Structure formats: structure tokens, C-alpha cells
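> A predicted structure for the sequence below; I have some questions about it.
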Amino acid sequence: MKGQAQLMEYIFMTLLIVVILFAVIIFLAGWQATQLKLEKTKTQSQYVLNLLKLVSTSPLFVKEPSVYDAGKLLALKQECKELEKLFGRFTLNVTLVGQELTECTSDTWPDCTSWLICPHPGNYTAYGFPAAIYWPAGRVTDYGIHPRIDLGWIEVRWYE
Amino acid sequence: MISIFQLFRIIFGIILSIFIIYFVVSYLSTYIGIQQAGMQAAALRSFSQTLQHVYSYNDPQPFQEFRKARVNFTWILIDEEPRITVEGLGDWNLPVPAVIRPGQELWLERKAVDWGWYEFWIVTGVSDEFLFIININDADSEDLWDRIEPFLPGNRTKYANCNGTNLGTASKLDFFIPEKGKLCELRPGKNQALITISSSCSPWYQPYGLCINPNGHAYYQNESFTWNDELDLIALILGSNYQDIYQRSQGSLSKRLLESKRYFFQHHVGLAAKTAAERARKLADYIEDKKREGKISPNADVVNCIQKLDDFADLLDQIADGQFELLSQTKDRYDELVESGCEVRE
């Protein structure tokens, strides 16, 4: 009788150890999954910020750092495929601050106030920033071409 | 005599111990593997960010995280697209144009070619404390050296002259004075590369390294290349005297870096030319409209810009179609536009 009780006690102890072991496994796996999710979010934010940095300095978009060229932006609207190859799947939304929105197209340029380059459907992570917009022909007179700079807002959207 | 209970305890104990030890060992090995892979992935992410920083802000940076995470990467091309590959982790595409000699401690800096209407940027990278043995053989080679010098890596990279079998004193690029000498017979060691610039370079004369002929050809081991600009030569130079497992299937690192540079160049300059052409045409149309509306006099100087801008756009269209040999003309044409008030330089 005493031996049977000891045996039972021993089996219960073993079961307890196994349960604790599995609890530890589940806890560690859960912790790792949470860490991975956090890392993914951090990486995504970092990626979008880097993209914004790249777009704000690349001579493909700007006249000088953070000064977007209105002429280049218009031309880039037709080059989504090539832009995607170079920078990944992203959308660039540029608007002039404090003006009624008129989308820039070949017909409306330069009397327009917004450029939506490479729009895509779906969820995205976005960051916005104030920026300057350079108009290569702000005013044309008999004496030449006079550029103009407006205040704008730039938003970069990145899709998973 | 041991009782049945004691026997049971011993057997059960052994089984349980084996189970626990097996679990702990397998979990730890997996965990260590994941941690190691995680560290390597973090190092690659950091590399990508550093590249973008150097590219965007022209701020040269050292990069040493590959040493800490024990990352050995190399350079490959997949469907012509340049990628870096790490064994066990897969391959990664580059966020910005770059040509980098693989190493664990790198010096990264941005080089640029400016045509006024567009500036092409590329990040170059080489192992810290690398030695380039330079052999310059004739007057044409001296001229070519002057052209490529601004694009060569600086910081802790050293340069030394070679004359026959004699190696000169190594010095930093700022203090290095190339000397004409006999063809070099030295064999470069680890972290060294021999760069011969000579009109003697041909498929029949090849020293122990890269041989650049100022006539537009270059030779490395059994490969021969045609170079078009200084950046082509930088790609070839950075890749010379490097061995890896992709040598056989993809060619030497020099070849891969040259093809990478050309991939980036073609896509970035091609797209820039296309957009600049479109922009010039819109500008010309705008002036035309103002003339038609009577807002500017038909005899005003600015009216001449219409033709000039259209001509410039036509030239850029040819660049966009791949005629990159016309790029030097675009610089002069852009300068003319600026001088005649049709364009404002930044």
C-alpha cells in the first residue's frame, strides 16, 4: 500500500515537471512571436522612413534636398513600373499647402496643386513631411523664366 | 536486493532525464541558431540603412557590424539584378545603387557623376585598410589616373606604386603620387589588388591583377571588358583579386560589379532622362502658351528657349533609349540652357 502511494506520488511529480516544461516552451515561443511582431512593425516604420529620406534627396524627384521639382513629379506619374523596380511598391502623394486640390496632369500643369504618383489599393504604412515645391516656370516674362517655390506636404505610403 | 519501486524509479528517471536533456539541447540549438540568424538579419538591415544614409546625405561611414554578426556576404546577379547573398540567409536586394567589395569591415562612400540636369550617385565600398598597388606605365595612363582618382576609395585605403619587382611606400589617396614605372611583376597578397594602367594591356599581356588599357579595354584573368566611364573602372578595380564560389558560374567579382554598376546606371539615368525630357517639353509648351496668349513678346529672348528646350528633350530621349555615349553632350547643352536663361541651376 505504501509502495503504491510512493509510485503515485512519483508519477504526479513527473507529470508536474512535464507540465512546467511545456509551460516554459509555450511562454518562450509566445515571447518570441511577440518580439518578432514588434520587430516587424519597427522594420516597416524604418523602411518607410528610409524611403521618405531617399525620395527627399534623390535627384530623380528633387531639385535640391527636400525641394521637389514640379516638372519632374509630373513626368514621374507615368513611370510607376520603373519606380517600383528601383524603390519597391510605394505611393508618393504631394500636395501644396492651403490650396484647393487640383490633380496635376499634362492638361492642368502648371495650374495644379497635387500629384499622386503610383497609387495602389490596400493597406499601407505612411509618413508625411513638409517640403518645398519648385516650379521651374513660376512666371515667364520677356526677360526670362522665373522659378517659384511653394510650401507643400509630402506623404510616402508603403504597402506590405 | 532492490525493490520493484526502486527499479521503476531508476528506469523512469533515466527516461525522464533523456527526455529533458533532449528537449533542452534541441531547444537551445534551435534558439542559438535563431539568435545567430536574427543577428545576421539585423546586421543586413543595418547595412541597408547605412547604405541609404551614405547615398542620401553623402556622408561617408564605416560599417563593422558584419564582423560582430559574423556575416560573410558576396555579390551575385539574379536576372541581371544585383543582390548580396549570405549563406543560410538567402539573398537581399540593394536599396540604392552600390558597388561594394565584400568584407566584414567596410568603408562606404558616395561617388557622383554630374551632368547638370541630373546627378548619378553610387555608393562604393571596400574593406578597411585595403592596399591598391598601382602600376602606371605611360603618359596616356597618367591622364587616365587623373580621371579615375576622384572616384577611388579614400579613408584608410592605401595606395602604393609598383616598379618592376619593387613596391613603393603605401600612403593614403590624398598623399599618393603615382609614378611611372616598369610593368609590375608583383603578386598581390590578401587585402591587396594590383591595378596596372598601361597601353600594353592586352589579352596577351596580363599581370597578376586588373590591367586597364586607356583605349577603353580592360583585362582580368581570362576575362576582357570594355569600359565606358570612370565608374566602370571603379567597379572593375573594387572587384579585382577576389575569390568566391560564384566565380565559376557568374564570372569574377570585377565582372559582377561592372554589370551591377551598369544595371543601376541604365535604370537610374534612363529614368532621369525620360523625366527630364518630359519636363523640358512641358516648359517649352508653357512658354509657347504664354506667347500665344500675348503675355510675352514674340521677339523676346525667352521665345528662343522653346526650340532649345525641345532640342534638349530630343537629346534626352536618345539617352533614355540607351545611347549613353551622348551623355557628355547633355552637360554642354544644359550649360547653354542655363546661360541663355531657359533653365535655373540649383
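Looks like it came in fine.
> Now the longest strand out of those in chain A: buried residues?
In chain A, with assignment by DSSP state E, the single longest strand is strand A:124-141. Neighbour-count burial for strand A:124-141 flags A:124-125, A:131-137, A:140 (criterion: 16 or more other Cβ atoms under 10 Å in any protein chain shown). Every C-beta, even on glycine, is put in place using the N, C-alpha and C of the backbone.
> Between those residues, which sits nearest B:Val25?
Ranking the buried residues of strand A:124-141 by separation from B:Val25, with Cβ to Cβ as the measure, puts A:Thr125 on top at 40.3 Å.
> Tell me who's in contact with that closest one.
For A:Thr125, the contacting residues are A:44-45, A:48, A:157-158, A:160, by Cβ atoms under 8 Å, 6 or more residues apart in numbering or on different chains.
> Repeat that for A:Leu38.
Counting by Cβ under 8 Å, 6+ apart, A:Leu38 has no contacts.
> Quick check: the residue of the stretch 51-200 of chain B nearest chain A.
Proximity of the stretch 51-200 of chain B to chain A (Cβ to the nearest Cβ) peaks at B:Ser56, 4.2 Å away.
> Tell me if I'm right that that residue and A:Thr57 touch.
Yes - the pair B:Ser56 and A:Thr57 qualifies as a contact (Cβ atoms under 8 Å) at a distance of 4.2 Å.
> Next SSE downstream of whichever strand or helix holds B:Ser46?
Per DSSP states H and E, B:Ser46 falls inside helix B:4-57. Note on helix B:4-57: by DSSP H and E, the next helix or strand toward the C-terminus is strand B:61-63.
> So what are the sheet partners of that next one and their directions?
Counting by DSSP bridges, the strands paired with strand B:61-63 are strand B:106-114 (antiparallel).
> what angle separates the helix holding B:Ser46 from strand B:106-114?
Counting by axes from the mean of the first three to the mean of the last three Cα atoms, to 10 degrees, helix B:4-57 lies at 30 degrees to strand B:106-114.
> and helix B:4-57, average pLDDT?
Across helix B:4-57, pLDDT averages out at 84.
> For that helix, name the packing helices and strands.
helix A:2-57, strand B:61-63, helix B:65-68, strand B:81-86, strand B:106-114, strand B:119-127 (3 or more Cβ pairs under 8 Å, 6 or more residues apart in numbering or on different chains; DSSP states H and E).
> Run the angle between it and helix A:2-57 for me.
Using the same axes, to 10 degrees, helix B:4-57 lies at 0 degrees relative to helix A:2-57.
> if we can go back for a sec, which of the buried residues of strand A:124-141 sit farthest apart?
Across those (Cβ to Cβ), the longest gap, 40.7 Å, separates A:Thr125 and A:Val140.
> Buried ones among the contacts of A:Thr125?
A:48, A:157-158.
> I'd like the residues you listed as TSV, with pLDDT and distance to chain B appended.
Formatted as TSV, those follow (pLDDT from 0 to 100; distance: Cβ to the nearest Cβ, whole Å):
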residue	pLDDT	distance to chain B
A:Val48	85	12
A:Arg157	90	17
A:Trp158	86	12
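> Pull out the buried positions in stretch A:95-105.
Those would be A:95-96, A:104, for stretch A:95-105 by 16+ other Cβ under 10 Å.
> near chain B, from those?
When contact is defined as Cβ under 8 Å from any Cβ of the partner chain, those do not meet chain B at all.
> what's near enough to touch the residue nearest the centre of chain B?
With distances taken as Cα atoms, centre = their mean, B:Val99 lies nearest the centre of chain B, 1.5 Å away. B:Val99 makes contacts with B:122-125, B:231, B:234-235, B:238-239, B:257, B:260-261, as judged by Cβ under 8 Å, 6+ apart.
> Doesn't it belong to a helix?
No - read with DSSP: H, G, I helix; E, B strand; the rest coil, B:Val99 is strand and lies in no helix.
> end-to-end on stretch A:138-147?
End-to-end distance of stretch A:138-147 (Cα to Cα, to the nearest Å): 4 Å.
> ok, and what's touching it?
Contacts of stretch A:138-147 (Cβ under 8 Å, 6+ apart): A:134-137, A:148-149, B:283, B:286-287, B:290, B:295-297, B:300-302, B:305, B:341-344.
> Of the contacts of B:Val99, which is the nearest to A:Gln4?
Relative to A:Gln4, the closest of the contacts of B:Val99 is B:Gly125; by Cβ to Cβ it sits at 73.2 Å.
> who's in contact with the nearest residue to that closest one once chain neighbours are set aside?
Excluding the flanking residues, the one nearest B:Gly125 by Cβ to Cβ, 6 or more residues apart in numbering or on different chains is B:Ile100, at 3.3 Å. Applying Cβ under 8 Å, 6+ apart to B:Ile100 gives the contacts B:75, B:84, B:106, B:108, B:123-126, B:238.
> so where's chain A uncertain?
In the predicted model, chain A carries pLDDT under 70 at residues A:1.
> who in the stretch 51-200 of chain B is up against chain A?
Taking Cβ under 8 Å from any Cβ as the contact definition, the stretch 51-200 of chain B meets chain A at B:52-53, B:55-57, B:95-96, B:118-121.
> Buried ones only from those residues, please, as a ChimeraX command.
Only the buried entries of these go into this ChimeraX selection, using 16+ other Cβ under 10 Å:
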select /B:52,53,55,56,95,96,118,120,121
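> Report how many residues lie close to B:Asp244.
Each residue near B:Asp244 was counted by other Cβ atoms under 10 Å in any protein chain shown, and the total is 17.
> Just the terminal-to-terminal distance for stretch A:96-115.
9 Å.
> Please report how far B:Asp285 lies from B:Phe176.
51 Å (Cβ to Cβ, to the nearest Å).
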